[in-house]
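K.L.:
coords please:
(2 chains)
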Amino acid sequence: QQQVKQSPQSLIVQKGGISIINCAYENTAFDYFPWYQQFPGKGPALLIAIRPDVSEKKEGRFTISFNKSAKQFSLHIMDSQPGDSATYFCAASGTGGGNKLTFGTGTQLKVEL
Amino acid sequence: ETGVTQSPTHLIKTRGQQVTLRCSSQSGHNTVSWYQQALGQGPQFIFQYYREEENGRGNFPPRFSGLQFPNYSSELNVNALELDDSALYLCASSRDEGGELFFGEGSRLTVL
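P.N.:
Have a look, this model is predicted:
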């Protein structure tokens, strides 16, 4: 079964701290791994994405780390801010799957002052 | 440039009824995907439409059906509603079948 397992379910981080969210997948055909951010009442918005030919991708305060052999990838949010408080979803799609995404169950992040 | 718009934003139906949800894709996008997001869960892929043809389907029964129109807008139809169909239905458009997804704000369906 094509699954993406995400942890933790919820996370509280102090302002300025590092938020880390982890995902693991089973399907070795997956070749595109995006992270989405969702605020209450809004649809998910693409934050950052990676393909398995690189082990890390950084965009501003957001970094994806990818471990192909372990079939795991993670999102790191550096210098976390209260405005980062949202639900984060990892996702994956495979060759021929295009943008037909399999999502994780989500992590509710709260950044406290 | 307008984003993805969905209607209605909220609706309540009773078990056994039918519902139609609508989506207008972002300008320049020819592909529409539908996702179901149950409370506290990640979105689940229902199906995708590319150039008015169904282009992939997730693990949803045939009572979930869709259409894409020549202007690339789309409808999601659900027949014989069940209580478990209560969810946020998200529409996403993209430039093509592999492009970045841009999501609308969703239609929240409650089935009583």
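
K.L.:
When you work out contacts or count neighbours from here on, use the C-alpha atoms and nothing else.
P.N.:
Noted.

K.L.:
so where's chain B shaky on pLDDT?
P.N.:
Applying pLDDT under 70 to chain B picks out residues B:1.

K.L.:
Okay, strands next: where are they in it?
P.N.:
B:5-7, B:10-13, B:19-24, B:31-37, B:44-50, B:53-57, B:64-68, B:74-78, B:87-94, B:102-103, B:107-111 (DSSP state E).

K.L.:
okay if I get these as TSV plus distance to residue A:35?
P.N.:
Below are the strands of chain B laid out as TSV (distance: least, C-alpha to C-alpha, whole Å):
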stretch	distance to residue A:35
strand B:5-7	22
strand B:10-13	27
strand B:19-24	23
strand B:31-37	16
strand B:44-50	15
strand B:53-57	22
strand B:64-68	27
strand B:74-78	25
strand B:87-94	15
strand B:102-103	13
strand B:107-111	22
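
K.L.:
TSV please, covering the ones you listed and showing distance to residue A:111 and mean neighbour count.
P.N.:
Shown next, in TSV, are the strands of chain B (distance: least, C-alpha to C-alpha, whole Å; neighbours: other C-alpha atoms under 10 Å in any protein chain shown):
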stretch	distance to residue A:111	mean neighbour count
strand B:5-7	30	21
strand B:10-13	30	13
strand B:19-24	33	20
strand B:31-37	24	27
strand B:44-50	27	23
strand B:53-57	37	16
strand B:64-68	38	19
strand B:74-78	36	20
strand B:87-94	25	26
strand B:102-103	25	24
strand B:107-111	27	20
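
K.L.:
wait, which of those strands is closest to chain A?
P.N.:
The stretch from those with the least distance to chain A (C-alpha to the nearest C-alpha) is strand B:102-103; that distance is 5.3 Å.

K.L.:
what lines up beside the closest one in the sheet?
P.N.:
Sheet pairing for strand B:102-103, assigned by DSSP bridges, gives strand B:87-94 (antiparallel).

K.L.:
Please enumerate residues in contact with the partner strand?
P.N.:
If you take C-alpha atoms under 8 Å, 6 or more residues apart in numbering or on different chains as the criterion, strand B:87-94 is touched by A:43, B:4, B:6, B:23, B:25-26, B:29-39, B:43, B:100-110.

K.L.:
How about stretch A:104-113?
P.N.:
Counting by C-alpha under 8 Å, 6+ apart, A:3-15, A:21, A:23, A:80-91, B:40-42 sit against stretch A:104-113.

K.L.:
Chain B against chain A: which residues are in contact?
P.N.:
B:33, B:40-45, B:48, B:56, B:90, B:97-106 (C-alpha under 8 Å from any C-alpha of the partner chain).

K.L.:
Around chain B, pick out the residues from chain A.
P.N.:
Contacts of chain A with chain B, taken as C-alpha under 8 Å from any C-alpha, map to A:41-46, A:89, A:97-106.

K.L.:
same thing but at 10 Å, please
P.N.:
With C-alpha under 10 Å from any C-alpha of the partner chain as the criterion, chain A meets chain B at residues A:9, A:34, A:38, A:40-46, A:49, A:87-91, A:93, A:96-108.

K.L.:
center of chain B - which residue?
P.N.:
Closest residue to the average C-alpha location of chain B: residue B:34 at 3.4 Å, with C-alpha atoms, centre = their mean.

K.L.:
what's the first-to-last distance across stretch B:83-102?
P.N.:
Distance between the two ends of stretch B:83-102: 28 Å, counting by C-alpha to C-alpha, to the nearest Å.

K.L.:
In PyMOL, how would I select just the buried ones from the residues of chain A next to chain B?
P.N.:
Restricted to buried positions by 16 or more other C-alpha atoms under 10 Å in any protein chain shown, the PyMOL selection for these reads:
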select buried, chain A and resi 34+38+43+44+45+46+49+87+88+89+90+91+93+97+98+99+100+101+102+103+104+105+106+107+108
